[in-house]
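>>> could you look at this predicted model? Sequence included:
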Amino acid sequence: MHTQRRQLCVILMVVALAARAALPAAAGLFEWSRLGRLIPEQGFEPSLSAIAGDPGKAAVLYAGTLRSTANNNLVFKSSDGGVSWQPAGSGLPAVMPQNTGINDLVIPAGAPNTLYAGLFEAGVWQSTNGGQQWANVTNGSIATNDTVRALALDPAQATTVYALTGTGAHVSAGGGAWQSRSAGLPGASSTLYNDFAADPLHAGTLYVATNPQGLFRSTNGGQSWQPANDGLPAGDLNVKGIAASPVNGRVLISVAGQGLWRSDNQGGSWTRSDSGISYNTTLQGSVGIPAFSPSVSGAAYVSNNDGVFASSNGGESWTPFNDGFSGAETVLTMAFHSAAPDTVYAGTAVSGVWSLMVIPGGRNYLPAVIR
């Protein structure tokens with residue numbers, strides 16, 4: 001028996017060392033680790049607004065940014081898991097107001113070299129060659145000066161893209177002209193559209209976050225919308241963000257001043273879901289948009305000015321998870337990589353992109369190496 005245990009320990013050590021050797025040099029195993037700089041100049045990095053991974057290549061990442069520094073690039077690409085980055089925004093607008101730029105970035109699963117970017121007051125842009133060149137694909141119901149707040153992909157039709165702008169929801173199928181999908185949404189003169197999500201497990205189910213009318217849901221691909229606020233606090237509701245789990249369909253929404261709320265029936269009803277999240281250095285009830293694991297049921301991460309919080313039960317409770325951070329980072333966006341499902345990325349205000357890899361089973365799975 002002792003011999004078998006020793007053999008098992010040796011096997012685990014070998015597996016652990018192999019796993020660590022396979023990671024990029026800067027990748028964080030069980031703690032956050034800062035990846036390579038987006039720009040070579042010392043000092044502040046551009047503010048991160050979106051992170052997207054190539055669905056077919058674990059080492060390929062894209063980072064969308066805001067014009068918060070002298071940098072003139074809005075998109076950066078890494079082909080080595082974030083160790084190094086190169087500009088990938090040729091063709092995108094060269095002049096934009098300070099602290100504006102990319103609001104969202106998505107990559108269709110069936111077309112890994114195709115990217116869509118939603119911009120501030122500049123509509124929708126597309127690259128079909130992995131970010132080497134971008135073209136404006138704003139037309140139809142979206143004006144060229146519209147601010148695109150969020151993008152989403154139809155889980156059943158890879159070539160169908162949804163966009164949420166200051167005028168409402170829109171859809172483009174197969175690269176065709178954008179068409180309005182706002183019937184039932186409150187008018188743009190009385191609401192602010194904040195975020196958009198497509199349910200990855202229920203085709204045709206879409207969500208729009210608004211202020212102050214709360215959440216709206218469509219079950220027919222945006223043909224019509226209805227309020228979905230049952231169980232949420234009464235009164236004005238500023239729903240800031242939406243995330244839907246690709247594993248079990250659970251939905252989490254961020255409500256300004258009211259924390260996180262969860263639904264297990266596609267927005268039919270809501271339960272408060274921010275137990276364990278602190279609000280010591282940020283406004284009470286203020287929290288970002290969660291990121292769900294693409295492969296592990298219940299695994300999720302979220303952030304506010306107090307740091308990053310992790311959940312293993314789909315957001316029912318949260319625990320601070322800031323190992324590796326210095327304490328000075330402000331996380332603005334978080335995303336998992338579908339081709340590297342054990343890795344979650346955090347984009348910060350001034351210190352670039354960070355990564356965290358968590359081997360299933362946790363630290364105790366590889367005790368000889370981690371401890």
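Structure's in. What do you need? Fair warning: this is a prediction, and the values are worked out from it, not measured in the lab. Residues are numbered from 1 along each chain as shown.
>>> only C-alpha atoms from now on, for both contacts and neighbour counts.
Fine.
>>> how distant is stretch 251-267 from the center of its chain?
From the chain centre to the centre of stretch 251-267 is a distance of 16 Å (CA atoms, centre = their mean, to the nearest Å).
>>> again, but for stretch 269-283
19 Å.
>>> repeat that for stretch 202-221.
18 Å.
>>> what's in contact with that stretch?
Identification of contacts with stretch 202-221 by CA atoms under 8 Å, 6 or more residues apart in numbering yields 154-156, 185-186, 191-199, 222, 224-229, 236-242, 249, 266-267.
>>> mark which of those residues are buried, thanks.
For the contacts of stretch 202-221, a burial check counting by 16 or more other CA atoms under 10 Å picks out 154-155, 185-186, 191-199, 222, 225-229, 237-242, 249, 266-267.
>>> among the contacts of stretch 202-221, name the ones in strands.
192-198, 226-227, 239-242 (DSSP state E).
>>> beta-bridge partners for the closest residue to residue 85 other than its chain neighbours, please?
Leaving aside its sequence neighbours, residue 85 sits nearest to residue 78 (CA to CA, 6 or more residues apart in numbering; 4.6 Å). Taking DSSP bridges, one obtains residue 61 as the residues bridged to residue 78.
>>> contact partners for residue 78?
59, 60, 61, 62, 84, 85, 86.
>>> please apply the same query to residue 300.
290, 291, 292, 293, 310, 311, 312, 314, 315.
>>> how much space between it and residue 85?
26 Å (CA to CA, to the nearest Å).
>>> now do the nearest residue to residue 159 once chain neighbours are set aside, the pLDDT please.
Excluding its sequence neighbours, the residue lying closest to residue 159 (CA to CA, 6+ apart) is residue 174, at 4.9 Å. Among the per-residue scores, residue 174 holds a pLDDT of 89.
>>> ok, now residue 163?
98.
>>> surely it touches residue 152?
Yes - Residue 163 lies in contact with residue 152 (CA atoms under 8 Å); the separation is 6.5 Å.
>>> what's the overlap in contacts for those two?
Joint contacts of residue 163 and residue 152 (CA under 8 Å, 6+ apart) are residue 196.
>>> out of those two, which sits in the busier spot?
Higher neighbour count among residue 163 and residue 152: residue 163, with 29 against 23, using other CA atoms under 10 Å.
>>> in the sheet, who's paired with the more buried one?
Applying DSSP bridges, one finds that residue 163 bridges with residue 151, residue 170.
>>> could you measure from it over to residue 172?
8 Å.
>>> coming back round to it: tell me which two in the ones in strands among the contacts of stretch 202-221 are the farthest apart.
Longest distance between any two of these is 18.9 Å, between 192 and 198; criterion CA to CA.
>>> local confidence estimate at residue 30?
Reported pLDDT for residue 30: 85.
>>> how many residues are close by the residue nearest to residue 159?
11.
>>> now swap in residue 97 and tell me
Count around residue 97 with other CA under 10 Å applied: 11.
>>> report pLDDT for it.
Predicted confidence (pLDDT) for residue 97: 93.
>>> secondary structure class of it, three-state.
The three-state assignment at residue 97 reads coil, by DSSP: H, G, I helix; E, B strand; the rest coil.
>>> residues contacting it?
residue 67.
>>> ok, now how distant is it from residue 327?
29 Å.
>>> please apply the same query to residue 45.
On the measure of CA to CA, residue 45 and residue 327 end up 17 Å apart.
>>> mind checking which of those two has more residues around it?
Taking other CA under 10 Å, residue 45 and residue 327 do not tie; residue 45 has more neighbours (22 against 11).
>>> isn't that one up against residue 70?
No - counting by CA under 8 Å, residue 45 does not reach residue 70; the two are 9.7 Å apart.
>>> any regions of this structure where pLDDT drops low?
Low-confidence segments of the chain, defined by pLDDT under 70: 1-27, 360-371.
>>> ranges for the helices of it?
Secondary structure of the chain, counting by DSSP state H: helices at 2-22, 367-370.
>>> quick one: the strands in the stretch 51-200 of the chain, in order.
61-65, 75-78, 86-87, 102-106, 115-119, 124-127, 135-136, 148-153, 160-165, 168-173, 179-180, 192-198 (DSSP state E, counting those that start in this stretch).
>>> got JSON lines for these, with distance to residue 349 too?
Shown next, in JSON lines, are the strands of the stretch 51-200 of the chain (distance: least, CA to CA, whole Å):
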{"stretch": "strand 61-65", "distance to residue 349": "10"}
{"stretch": "strand 75-78", "distance to residue 349": "15"}
{"stretch": "strand 86-87", "distance to residue 349": "18"}
{"stretch": "strand 102-106", "distance to residue 349": "14"}
{"stretch": "strand 115-119", "distance to residue 349": "18"}
{"stretch": "strand 124-127", "distance to residue 349": "23"}
{"stretch": "strand 135-136", "distance to residue 349": "27"}
{"stretch": "strand 148-153", "distance to residue 349": "18"}
{"stretch": "strand 160-165", "distance to residue 349": "24"}
{"stretch": "strand 168-173", "distance to residue 349": "28"}
{"stretch": "strand 179-180", "distance to residue 349": "33"}
{"stretch": "strand 192-198", "distance to residue 349": "20"}
